[in-house]
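Q: predicted model and sequence follow; I will ask about them next.
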Amino acid sequence: MTSTFKIAEDLEESRPIVEAVKVTKVYTPDVVALQDVSFRINKGEVVFLTGMSGAGKTTLLKLIYCLEMPTKGLIEVNGRDLSKITSAGIQRLRQTIGVAYQDFRVLPKVTVFQNIAMAMEVLYKEPKEIKSRINELLDMLNLLEKRHTPAGKLSRGEQQRVAIARAAANKPQLLIADEPTGNLDKTISARVMELFKQLNESGTTVIIATHDETIFKDSKNMVLDLHHGQLSF
Amino acid sequence: MTSTFKIAEDLEESRPIVEAVKVTKVYTPDVVALQDVSFRINKGEVVFLTGMSGAGKTTLLKLIYCLEMPTKGLIEVNGRDLSKITSAGIQRLRQTIGVAYQDFRVLPKVTVFQNIAMAMEVLYKEPKEIKSRINELLDMLNLLEKRHTPAGKLSRGEQQRVAIARAAANKPQLLIADEPTGNLDKTISARVMELFKQLNESGTTVIIATHDETIFKDSKNMVLDLHHGQLSF
Amino acid sequence: MGQFGYIVKQAARNISHTWSTQLMTLLTVSLAVLIFSFFFLVYTNMLKAGARLDDDLRIIIYLENEIVPEMQKQMRKKIKDYGEVEKIVFISKQDAFERLSRQLGNDRDVLNDLGPSFLPPSIEVYPEKNLKTLTQIKEFSDFLATLPGASKVQYGHNWMERLGYFTKLLRIIVMLSGALLLLTTVFIVSYTIRLTVVARHEEIEILRLLGANNAYIQGPLFIEGFLQGFLGTSIGIFSLYLLYHWIKSRFSGPDILNIFEFSFFPPSITFLIICTGLILCSGGSLLSIRKYLRI
Amino acid sequence: MGQFGYIVKQAARNISHTWSTQLMTLLTVSLAVLIFSFFFLVYTNMLKAGARLDDDLRIIIYLENEIVPEMQKQMRKKIKDYGEVEKIVFISKQDAFERLSRQLGNDRDVLNDLGPSFLPPSIEVYPEKNLKTLTQIKEFSDFLATLPGASKVQYGHNWMERLGYFTKLLRIIVMLSGALLLLTTVFIVSYTIRLTVVARHEEIEILRLLGANNAYIQGPLFIEGFLQGFLGTSIGIFSLYLLYHWIKSRFSGPDILNIFEFSFFPPSITFLIICTGLILCSGGSLLSIRKYLRI
Ligand SMILES: Nc1ncnc2c1ncn2[C@@H]1O[C@H](COP(=O)(O)OP(=O)(O)OP(=O)(O)O)[C@@H](O)[C@H]1O
Ligand SMILES: Nc1ncnc2c1ncn2[C@@H]1O[C@H](COP(=O)(O)OP(=O)(O)OP(=O)(O)O)[C@@H](O)[C@H]1O
Ligand SMILES: [Mg+2]
Ligand SMILES: [Mg+2]
């Protein structure tokens, strides 16, 4: 597949938010998940990350939000070199990134509302603001009725939407969504993409890892295609 | 969507393997997951179960393998009324059904091989048979290299394939796959479908719950379409 | 390979895979058994010591004159007619003198200048065990005072009370410690089970969904519980035995142990403790996962 | 709402959501403190009783004649010149007689016919505490035998040893129980922490991934640990106090408690125990999740 490269000339800011230079990630003992990956994502862009199952998509995303460290190479987020970051630095970095994990990571015993509220409480937001933002998100994702249900009692697709809502809650500078539509039908997928678009319009950079070609094949956005840990443009 | 109904006249056996009559499932206190659902699946068929996220697909499947009991209505599997089944009966029933769960349910600390072997050991299969069957499956699903990796260290897509391999391991009478391609790319999805086809040819009835229209839109198989807990043909 | 072989293989695999947890559990069981049996041992020994002290309850009748052997028989009969008596001992002047000098220990020099004649002869009556209340003893001693030749009747009232209080205090302390320890043992065991269940329930749930029958799931757990119970209890009891020997060897010299007479459990009790441990461990491991078998 | 308000709110929410676990932990802490302080109390009281028994170590010099008061001063000086002495008591014939009759208790009637004159007068020397080994005491007593008018020198060797062995046995039993209990306490606490961590680590991991800072994660845990430590320790100590009173009330009558003199911790120790519990609980709850903070 040929990817559409979009140099962000029409965006307000063209400074890079994520920059990777020859990044290699080897899981002990010998699983090479990423090999010499270099790319640059500018502020305000929407980027799709694609590739076969096991190609290294999740690993690449983990490097960006500092859950893993690269074995070799340089990775900079917001101009900050992640190999030199402190614990407090990681905290501050993560406060500016919203992540919808591939395995959701919602707390099963906690209500939908509370699961999402956690993300905002961490930034000491006001309860009123939290409530109105969550209602807005749940409405958009067709989940308002389930507001007070423990997340463990939801269907998988509903849990996935909770994860997405949590990632979007703070209107972060950078939103990372890992396989956000894996358990969602077409209608809901469209709503999720609409949410991402809204966020992007208000300045959020969006990185979406997906194997679902339908959601990016018509767009003119940048597509990073991983093959066995290597980028192919 | 109009579904293609295929009366199984060309199949060797046309006795029903699953039959549901006016089945209703209400989760306490008031979540109506299924309402008056009636259908009939014949032996040897391939059936797709589709519907929006939260429509009740997983719930319907859970009723078939006895993880939940219907609130109202009759459900029969292999001619056995599930409302009157004993604990030992459930065990015997489950030994004839292979299920690939939507949330995988693989043991993260246990190797891929062992995760799949569990399903066969439960039936007291011979170690040699277990080994050759698992290698065959892993090869088919492109996972042979990861044989001795703990499942928790796999990518989500790889874990999903482990769940599918486990469901298929015993060549069960009935195979249930809940969203089997949610985390898989096109190529691997095709391999999974090929595996299901092989099993079906050797007599297995296959029920696949999915929101991915591409995998059933060209087939002539029966499609059950759920809308808010109700079947629409 | 038959069903049984499978189960044993499964158990062996579980044990080798989770040996650190298994070791921890084994240690816990041993410790619990050690603690429990330690207190049980101290308690039974104390009971025995208490019983021996109770044995010493006696009523002393001081006599004006020595009783000639022919009279003794008659006396015996008279006393036995009144109430049940365990033992009657006649003490001559000489006996009394010897006992006093023994009682004085190193202070016995004070008696050097004295002959045995200054102490009166006496009869010591040891009442039956069932005669225990002080009023009953009082009545008995009142009767004994009416015997011919009796000058004074005395029972070790004060001394008995003192010793009684002391053993009572000790007994309360041991019982309280025992109760506290039993509580902690229950805590520890239930915590261990909870941790095991937390570690295992996912696996058990999956096995259920795969259609494993009860024997397949419970068999390995039972074997593990059995082994843990057997090893743990044995180790616990054996440690206690070593401890007991160590204590005893430290007190080999003087006669203190004759007073206290510290002894180990008889084999039957040891066997019983091991069996109880076995049953609790293997039963507990089955019970703990029962709720997951309902899936 | 400030950062602190958020943390307090969070702690309150956690406590109200997981009150059953919290209650269990509270109980565990109380029990551990009760057990520990119970044994500490018994142990300190035993030490005190032991010290009192050691006090009784004395050397007795039997004299041929009574010493007139004028001579006593001279004697005192002579003895003190040889070695350090805590106390010197002169016992006249009359004193000796009274003491023996007290010692015989209800058996004192045997002395009725005797005057005080049959017992020799004596001097009792209580050596300094640092004079403890038997050889030292022997040397001292050899010297004392050379004093003018001394007929015999004696020290409560046998009796001392007996009592010494008995208290030693008791001490070993109490120490062993204490050691076992300490072990179980450590077990219980580490199990509690492991269970808490099992229950919490998912939440903590997610909070980390959401960028929560250390204060946000540790704050509520610290508050919970602090409350649990404070309540748990207080409840434990208070239960012990009730227990102590109950035991004491059961032994209000006779003089047994004068021998044993069972007393509670002074306030300073009580305060120290509560503080230690506080620090351990709040520190422990922070330490237990440390590894999840590294994510
Ligand atoms: N244990 C439960 N308790 C309460 N409600 C539940 C429970 N499980 C499912 N539900 C609800 O029942 C409805 C149907 O759930 P189900 O999991 O069957 O949906 P699904 O069709 O599988 O959806 P998805 O495509 O998202 O997996 C949903 O609204 C869900 O919230
Ligand atoms: N913690 C780990 N330890 C060892 N190997 C790992 C670990 N995590 C991932 N891997 C391996 O690294 C490779 C890349 O994994 P990654 O999760 O990045 O794939 P992915 O592109 O996200 O795949 P999917 O589409 O299936 O989610 C895989 O082969 C996987 O098995
Ligand atoms: Mg992935
Ligand atoms: Mg589902």
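A: Great, that's in hand. Ligands and ions are numbered 1, 2, ... in the order given.

Q: use CA for all of it now, contacts and neighbours both
A: Noted.

Q: so for residue A:158, what's the pLDDT?
A: Residue A:158 is assigned 96 on the pLDDT scale.

Q: ok, now residue A:89?
A: 93.

Q: does any part of the helix or strand containing it sit near chain D?
A: Assigned by DSSP states H and E, residue A:89 belongs to helix A:87-95. Yes: using C-alpha under 8 Å from any C-alpha of the partner chain, we find that helix A:87-95 touches chain D at A:87, A:88, A:90, A:91, A:92, A:93, A:94, A:95.

Q: chain center to the helix or strand where residue A:99 lies, what's the gap?
A: Take DSSP H and E as the rule and residue A:99 turns out to sit in strand A:97-100. Put simply, strand A:97-100 sits 5 Å off its chain's centre (C-alpha atoms, centre = their mean, to the nearest Å).

Q: right, is it up against chain B?
A: No: for strand A:97-100, no contact with chain B is found by C-alpha under 8 Å from any C-alpha; the gap never falls below 13.9 Å.

Q: outside of that strand, which residues touch it?
A: A:65, A:163-164, A:166-178, A:180, D:210 (C-alpha atoms under 8 Å, 6 or more residues apart in numbering or on different chains).

Q: now do the SS call for the residue lying farthest from the centre of chain A.
A: When distances are taken from the C-alpha mean of chain A, residue A:29 lies farthest, 27.6 Å away, according to C-alpha atoms, centre = their mean. Following DSSP: H, G, I helix; E, B strand; the rest coil, residue A:29 is assigned to coil.

Q: ok, now which ones touch the residue in chain A that chain B sits nearest to?
A: Distances between chain A and chain B by C-alpha to the nearest C-alpha are smallest at residue A:182, namely 4.4 Å. Residues counted as contacts of residue A:182 (C-alpha under 8 Å, 6+ apart) are B:182, B:183.

Q: tell me the residue furthest from the middle of chain C?
A: Outermost residue of chain C (C-alpha atoms, centre = their mean): residue C:210, 50.7 Å.

Q: correct me if wrong: that one contacts residue B:94.
A: Yes: applying C-alpha atoms under 8 Å, one finds residue C:210 in contact with residue B:94, separated by 6.1 Å.

Q: could you list the low-pLDDT ranges of the stretch 51-200 of chain C?
A: C:51-58, C:100, C:103-118, C:129-135, C:137-138, C:154-170, C:181-182, C:185, C:189 (pLDDT under 70).

Q: how about the helices in it?
A: C:69-82, C:93-104, C:134-145, C:157-209 (DSSP state H, counting those that start in this stretch).

Q: for residue C:225, see how far away residue C:2 is.
A: 22 Å (C-alpha to C-alpha, to the nearest Å).

Q: I meant residue A:79, not that one.
A: 57 Å.

Q: ok, these two, which is more surrounded?
A: Between residue A:79 and residue C:225, residue C:225 has the larger neighbour count (other C-alpha atoms under 10 Å in any protein chain shown), namely 26 against 12.

Q: enumerate every residue touching the closest residue to the more buried one other than its chain neighbours.
A: Leaving aside its sequence neighbours, residue C:225 sits nearest to residue C:282 (C-alpha to C-alpha, 6 or more residues apart in numbering or on different chains; 4.1 Å). By C-alpha under 8 Å, 6+ apart, the residues touching residue C:282 are C:221, C:222, C:223, C:224, C:225, C:226, C:229.

Q: in the strand or helix carrying residue C:270, what's buried?
A: If you go by DSSP H and E, residue C:270 is part of helix C:267-288. Residues of helix C:267-288 classed as buried by neighbour count (16 or more other C-alpha atoms under 10 Å in any protein chain shown): C:270, C:273-275, C:277-286.

Q: same deal with stretch C:65-84?
A: Buried, per 16+ other C-alpha under 10 Å, within stretch C:65-84: C:66, C:67, C:75, C:76, C:79, C:80.

Q: ok, the residues you listed vs chain A, which is closest?
A: Distances from chain A to the buried residues of stretch C:65-84, taken by C-alpha to the nearest C-alpha, are shortest for residue C:80, at 77.9 Å.

Q: distance of the closest one relative to ligand 2?
A: 89 Å (C-alpha to the nearest ligand atom, to the nearest Å).

Q: all good on my end, thank you.
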